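**Q** Sharing a model that was predicted from the sequence below.
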Amino acid sequence: MPLGTLDRTAPPFFKQGPSALSTLIFLSALALFLMVADARLGLTPPLRSAISVVLFPLEQLALQPVQWARNADTYFRTLRAAQELEDAARRQMLQQSQRANQVEELMLENRRLRDLLGLRSRLTAPEQAAEVLYDAPDPYTRRVIIDRGMLQGVAPGSPVIDEFGVLGQITRVHPFLSEATLLVERDYAIPVLNTRTGARSVAYGNPFTGPGGGLELRFMPGNADVQEGDLLTTSGVDGVYPAGLPVARVDRVERRSDSAFARIHCEPLARMQGARHVMVLQPLSAQLPPQPAGASEGDASAQQRRKSGPTPAAAPVATPRRPAPATPAAPAGRPP
């Protein structure tokens, strides 16, 4: 092959452009120029805005599968939760319907029995709504202040309840405000009834039990029939609380071999912390019929006799004796 026909130029693969140093200098100068121009003239923000406007449809299109997946997951979760809530609501409605039927039957039976025995009907306490304004400023007591007072007909000793059960009792009344002592106040006592066994007892407040305080049944024998979960309601024998109001539920029963009494801790059903709206009932003592005057006089005379001491014994009175009837004489010839 003749030498003149050979191509002495380098192939494109081996061709080299500007050197690396030249490229570095050029790019550095361009970057410096762009930074100065951006700082002086503000060239970058319009460029970024234009690019974002152009890329916005592409971004939304790329995010559509992710959004569809999220919506589908949310839909199925919401559907499952709605079905569970519907099932729970149906079960609760059936239970309430059954309980309503039972309550109606029990009320009818109670009315018939009371009419049969000639007993008076149960007392219904008048009530009025109130709002809790604030807690008492004393940190060593468990009391709240409500916006009803003497001018609204609130009397000392009135029971206070919320939507869950007994909250406390009115202990101090002002013209426009009242002070209610909560059940968990130290040594606060309330007569209760165990709905499972029908046994009566007294629950005492204990503010140091649990976060919001609790109750305890004191002086209960170690073999008392009390179980965890028993519901305690007002017994109605104190003349203050109507019978049947929920008070507490037995939380823990401690029976120790070294003591004859059991320690029974109860959790109040009412909200001892955060109660907002309450109902104030009239005490049952204000609805009881007045005591007869004769009974009160008899009680006063009996009390006076107890104070004056025993009365001396009266002297015995001799009763005249009748003469014995004469025995008729026996006829002759016969033995007497």
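**A** Structure's in. What do you need?
**Q** State the distance from residue 52 to residue 39.
**A** 21 Å (Cβ to Cβ, to the nearest Å). (Glycine included, C-beta is placed from N, CA and C.)
**Q** Likewise for residue 93?
**A** Using Cβ to Cβ, one obtains 71 Å as the distance from residue 93 to residue 39.
**Q** One more: residue 241?
**A** Relative to residue 39, residue 241 is positioned 80 Å away (Cβ to Cβ).
**Q** Comparing the two, which residue is more hemmed in?
**A** Using other Cβ atoms under 10 Å as the criterion, residue 241 and residue 39 rank with residue 241 on top: 26 against 10.
**Q** Just list the residues touching that one, thanks.
**A** By Cβ atoms under 8 Å, 6 or more residues apart in numbering, residue 241 lies in contact with 159, 166, 190, 191, 234, 281, 284.
**Q** Quick check: phi and psi on residue 28?
**A** Per-residue torsions, residue 28: phi -70, psi -40 (degrees, to the nearest 10).
**Q** so how far is residue 256 from it?
**A** 87 Å.
**Q** what's the answer for residue 265, then?
**A** 13 Å.
**Q** what does residue 228 give?
**A** The value you get for residue 228 to residue 256, if Cβ to Cβ is used, is 16 Å.
**Q** for residue 169, same thing?
**A** Distance of residue 169 to residue 256, given as Cβ to Cβ: 32 Å.
**Q** same question, residue 51
**A** For residue 51, the distance to residue 256 - Cβ to Cβ - is 79 Å.
**Q** what residues are up against the residue lying closest to residue 246 once chain neighbours are set aside?
**A** Nearest non-adjacent residue to residue 246, counting by Cβ to Cβ, 6 or more residues apart in numbering: residue 165, 3.6 Å away. By Cβ under 8 Å, 6+ apart, the contact set of residue 165 is 245, 246, 247, 248, 268, 269, 270.
**Q** Flag the shaky bits of this structure, pLDDT-wise.
**A** Applying pLDDT under 70 to the chain flags the ranges 1-17, 118-125, 286-336.
**Q** Which residue lies nearest the spatial centre of it?
**A** Among the residues of the chain, the one closest to the centroid is residue 270, at 3.3 Å (Cα atoms, centre = their mean).
**Q** That one against residue 169, yeah?
**A** No. With contact defined as Cβ atoms under 8 Å, residue 270 does not count as touching residue 169 (11.9 Å).
**Q** Secondary structure element holding residue 24?
**A** helix 20-41 (DSSP states H and E).
**Q** May I have that helix exported as PDB, CA atoms only?
**A** Output of helix 20-41 as PDB, limited to C-alpha atoms (Å, rounded to 0.1, in the frame of the first residue of the first chain):
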ATOM      1  CA  ALA A  20      -8.500  19.700  32.300                       C
ATOM      2  CA  LEU A  21      -6.900  22.900  33.700                       C
ATOM      3  CA  SER A  22      -8.500  25.000  31.000                       C
ATOM      4  CA  THR A  23     -11.900  23.400  31.600                       C
ATOM      5  CA  LEU A  24     -11.600  24.000  35.400                       C
ATOM      6  CA  ILE A  25     -10.700  27.700  34.800                       C
ATOM      7  CA  PHE A  26     -13.600  28.100  32.400                       C
ATOM      8  CA  LEU A  27     -16.200  26.500  34.700                       C
ATOM      9  CA  SER A  28     -15.000  28.400  37.700                       C
ATOM     10  CA  ALA A  29     -15.200  31.700  35.900                       C
ATOM     11  CA  LEU A  30     -18.700  30.800  34.700                       C
ATOM     12  CA  ALA A  31     -19.800  29.900  38.200                       C
ATOM     13  CA  LEU A  32     -18.400  33.100  39.600                       C
ATOM     14  CA  PHE A  33     -20.100  35.100  36.900                       C
ATOM     15  CA  LEU A  34     -23.500  33.400  37.500                       C
ATOM     16  CA  MET A  35     -23.200  34.000  41.300                       C
ATOM     17  CA  VAL A  36     -22.400  37.700  40.700                       C
ATOM     18  CA  ALA A  37     -25.200  38.000  38.200                       C
ATOM     19  CA  ASP A  38     -27.600  36.300  40.500                       C
ATOM     20  CA  ALA A  39     -26.700  38.500  43.400                       C
ATOM     21  CA  ARG A  40     -26.700  41.700  41.400                       C
ATOM     22  CA  LEU A  41     -29.400  41.100  38.800                       C
END
